Structures are given as C-alpha cells and as structure tokens.
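Participant: Fold the following and give me the result.
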Amino acid sequence: MKNFFLKVYYLFFPLLCGSIIGLIIADFIDYGTLNKPLLSPPGFLFPIIWSIIYLLLGISYYLFKTNNSCTIKESKIYYTQLGVNLLWSIFFFVFKWRFFSIFWTILLLILVIYLLYLFFQRYKLSGYLNIPYLLWLIFATYLTIGVYILN
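Facilitator: Alright, predicted model coming up:
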C-alpha cells in the first residue's frame, strides 16, 4: 500500500501543485487584456499544456526514482525547479512583476536544462519526457519578454 501512495505522489505531485497555483491566481489572470507577441496561443490552451507538462514531469521523476539510485542532488534540483516554476505564475499574474518574471523564467530554464542533464546521465527516458517542458519554457520565455515589451 505504501508503494501505491508513493507512486501516486511522484506521478501527480506536480499536477496537484500546478492546480493549486491555478486556483490561487485565477482571479488575477489578465492574459486576455494584455498586448501579446506574435504566435501567442489562446488563453484556454495554457491549462491544457501545463497539465500535460506537469504529468510528464511527474512520470519522468517517478521513473527516475524507481530505475536509478536518485541522489539528493537530483531531488533538490527537481523540487527547486518545480518551486521556481510555480512561483512564476504568482510573480507574473498576482504581483504583475513582468520584468522580474523574465529573469525568473531564465532561472527556470537554467534549472530545467540542468535537470535534463542529470536525468539524461542516469536514465535517458526521464530526460526525453521533459523535452516538451524545455521547449515550452523557451516559448514561455519569448512570451514573457514579448508581454513585457508590449505592455
């Protein structure tokens, strides 16, 4: 039974955290009123995309934990990047710190690149599962910079 709860925890923890942040920021989201850069997706796609990314993140970490001897270093980077990820929405939407959010996104990119590096070294599938996350973060950086410049 303990293994079942650990599986559920590892698989769904990022999605649960993202959902909680989504509820916290729901009344502050002003995406529809912002001037957005070219290629900006409609607002309804963000929860769908992030749900997929959070599930992939949870799956990749679960596989990494169960197929390797995960060290404290990988766990720290994993949870740190998740925390940085979750705080971005609060900084950007609640506090409206658009300029600061650019640097926060770059910090997140660095952490995720390092996480992928660590995952690829020990269990490649975990690294591959996070490539969509990395690509989305690159795009999110573009959006964050574009929103700052246009508003």
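
Participant: Report pLDDT for the residue lying closest to Trp97 once chain neighbours are set aside.
Facilitator: Closest residue to Trp97 apart from its sequence neighbours, by CB to CB, 6 or more residues apart in numbering: Phe91 at 4.6 Å. To be clear about C-beta, it is placed using only N, CA and C from the backbone, and glycine gets the same treatment. pLDDT, Phe91: 98.

Participant: For Tyr62, give me its contacts.
Facilitator: Contacts of Tyr62 were listed using CB atoms under 8 Å, 6 or more residues apart in numbering, and they are 7, 10-11.

Participant: And the residues you listed, which of them are buried?
Facilitator: Buried residues within the contacts of Tyr62, counting neighbours by 16 or more other CB atoms under 10 Å: 10-11.

Participant: Quick check: of the contacts of Tyr62, which lies closest to Gly58?
Facilitator: The nearest member of the contacts of Tyr62 to Gly58, counting by CB to CB, is Leu11 at 4.5 Å.

Participant: Which pLDDT value goes with the closest one?
Facilitator: pLDDT, Leu11: 92.

Participant: I'd assumed Gly58 was in contact with Phe13.
Facilitator: Yes: the pair Phe13 / Gly58 is scored as a contact, 6.0 Å apart, by CB atoms under 8 Å.

Participant: higher neighbour count, these two?
Facilitator: Gly58 (23 against 17; other CB atoms under 10 Å).

Participant: Figure out the helix or strand that the more buried one lives in.
Facilitator: Secondary structure from DSSP states H and E places Gly58 in helix 45-67.
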